[in-house]
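> 3D, please:
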Amino acid sequence: MTKRLAEDTTSTHSKKKHAKNSQDTNITEPTSNNYDSIKRIKTHLTSRLSERSTPTRLVGVQKEYDSLYQLLQQTVSKGESNSCLMIGNRGTGKTTMVRLALDELAKKYPKGFATVRLNGLTETTDRVALSEIARQLLAAQEKPHQQLCTFTTFAESFEYTLSLLKQGDKTRLPIVFILEEFDLLAQHPKQTLLYNLFDATQSAQNPMAVVGVTCRIDTMNLLEKRVRSRFSHRQIYMFPPATFGDFVDIARDALTVPPGVVDDDTFVTQFNQAATDMFQDSSITTLLRRIFDITKDLRMFFKICFEPVAQLCEESPYLQASQFIESSLEQRTDLKTEMLKGISLLELVLIVSMKKLMERDIQAFNFQMIYDEYKDFMTQTQVRGMGFGMKLYKRPVALKAFESLQSFELVCPVDQIGKCPKEYRMAKLMLEHAQIIDAVLKYKDCPTNLIKWATNAG
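Numbering: from 1, shown residues only. Next up, the predicted model:
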């Protein structure tokens, strides 16, 4: 009887515990709306960072955008043919601006024009380019795909393309040609494709616009005289963000979710506020400043953003500054600094000795000079009673360590070897000061006196 009562009590307790666990599980389980919102936000941000979608606004390039949009609008709305060339470094927004202008025109004039996109990387010959033009024009006119097989020769593609471009009138469907990597297309023999495109813009028959996109500032010099004479010579120059504030604004906009992406407006507001607050963090400011000072290429920051965006989940639904710092450190790992993690302490001391010589404007040195610097450091350390964990190695041992650095090509000779003894052969260090300091700080169990000596702290 007592045993049965104990079993009933245990069973009841087990049922209550199971019910409690089920209740706790229901409380912590995320709602489907929150899960869907995070999933849509991740999809949107990934599309934006990979440049599959365009930004919601332009920062610092409104004047250039207005010039491009006006040129294309004149072609689409009034049938005026024209051409222009967009020139700028990679990552300055040339292709993005073209896509924004075409999207705006597509909203204003639905089915009012056809777009043909060519790329110098894929259309390596004029024949391939003409076949691609014919294919895209057939698709724009909604012709049966079976007609694609009829264009088997260069002559047929060329004849069909010219018939579309030259045998029309201003009532025909306007065509906008976007020529990516324009400088590569200009390197085709005889430049037949560019000649016929620019000649068609001068014929005043079929309305068309030709927009070339290139990163080479000397592209005009690549054009033949007959091609250059038919070009309008309108050029739009693109530059990186002029100020650090514009750079930060563009980066912040890339991680901001616009209205309409997610149905839950409250969650979107909280997400955007968290992203805005994150950009106030000093570590993020330092990260952006580093990229701005080195390249001003926003795509470097976009690469860093992929990992934090991929880590968004129900438990961590907002972007955090620490995730960006970790991603940045992983992506900008210096190979030489990583190599220095595996060297011996003596080799590290010799590198710091070479750094000290370089600080005195001695760019070339031999082993004897390095060993004397190392010996002076150890003497001063022992006099101060701070030589714990370090000892002065004999000259042959230090020479072996120096030769090991030469085998890693961290130290390279500056002149021919000749018959000079190896202790007196001039060499130079292939490391920057920042790399040396970074290696010393990251070295496992590095003596304090060596850290102070390398960083000039004592």
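> Point out where the stretch 151-300 of the chain drops to low pLDDT.
151-171, 204-205 (pLDDT under 70).
> any chance you could map the strands in it?
175-180, 208-214, 235-238 (DSSP state E, counting those that start in this stretch).
> Assign the residue nearest to residue 235 when sequence neighbours are not counted to helix, strand or coil.
Residue nearest to residue 235 in three dimensions, not counting chain neighbours: residue 85, with 4.9 Å by C-beta to C-beta, 6 or more residues apart in numbering. C-beta here means a position set from N, CA and C on the backbone, and glycine is covered the same way. In three-state terms, and counting by DSSP: H, G, I helix; E, B strand; the rest coil, residue 85 is strand.
> quick one: secondary structure of residue 398?
Relying on three-state DSSP, one would call residue 398 helix.
> Of the strands of the stretch 151-300 of the chain, which is nearest residue 382?
Between residue 382 and these, the shortest gap by C-beta to C-beta is with strand 235-238, which sits at 60.6 Å.
> which strands and helices sit next to that closest one?
helix 62-78, strand 82-88 (3 or more C-beta pairs under 8 Å, 6 or more residues apart in numbering; DSSP states H and E).
> can I get those in TSV with mean neighbour count and mean pLDDT?
Formatted as TSV, these follow (neighbours: other C-beta atoms under 10 Å; pLDDT from 0 to 100):
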stretch	mean neighbour count	mean pLDDT
helix 62-78	16	94
strand 82-88	22	95
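> Output these as a markdown table; include the columns distance to residue 362.
Shown next, in a markdown table, are those (distance: least, C-beta to C-beta, whole Å):
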| stretch | distance to residue 362 |
| --- | --- |
| helix 62-78 | 49 |
| strand 82-88 | 42 |
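> and residue 183, how many neighbours does it have?
Neighbourhood size, residue 183 [other C-beta atoms under 10 Å]: 19.
> dump the residue contacts of it.
Neighbouring residues of residue 183 by C-beta atoms under 8 Å, 6 or more residues apart in numbering: 120, 214, 215, 216, 219, 222.
> How about the contacts made by the residue lying closest to residue 202 once chain neighbours are set aside?
Excluding its sequence neighbours, the residue lying closest to residue 202 (C-beta to C-beta, 6+ apart) is residue 230, at 5.4 Å. By C-beta under 8 Å, 6+ apart, residue 230 lies in contact with 195, 198, 199, 201, 202.
> count of neighbours near the first one?
Around residue 195 there are 18 other residues, counting by other C-beta under 10 Å.
> distance between the ends of stretch 423-431?
Taking C-alpha to C-alpha, to the nearest Å, the first and last residues of stretch 423-431 lie 21 Å apart.
> neighbouring contacts of that stretch?
Contacts of stretch 423-431 (C-beta under 8 Å, 6+ apart): 336, 351, 354-355, 358, 363-368, 399, 406, 409-415, 417, 439.
> Stretch 113-127 now?
Under C-beta under 8 Å, 6+ apart, the answer for stretch 113-127 is 75-76, 102, 105, 128-129, 132-133, 136-137, 140-141, 154, 157, 173-185, 187-188, 192-193.
> Identify each buried residue in that stretch, please.
113, 114, 115, 116, 117, 118, 119, 120, 123, 126, 127 (16 or more other C-beta atoms under 10 Å).
> Could you work out the most separated pair of these?
113 and 127 (25.8 Å).
> got the domain boundaries for this structure?
62-238, 244-332, 338-455 (the TED database).
> Could you dump those domains into CSV with distance to residue 50 added?
Below are the domains of the chain laid out as CSV (distance: least, C-beta to C-beta, whole Å):
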stretch, distance to residue 50
domain 62-238, 12
domain 244-332, 8
domain 338-455, 28
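> so which of those comes closest to residue 40?
That would be domain 244-332 among those, by C-beta to C-beta, at 5.3 Å.
> Give me the most central residue, this structure.
What sits nearest the mean C-alpha location of the chain, by C-alpha atoms, centre = their mean, is residue 299, with 2.8 Å.
> contacting residues for it?
Shown in contact with residue 299 (C-beta under 8 Å, 6+ apart): 51, 91.
> How about residue 174?
By C-beta under 8 Å, 6+ apart, the neighbours of residue 174 are 75, 76, 79, 112, 113, 114, 206, 207, 208, 209.
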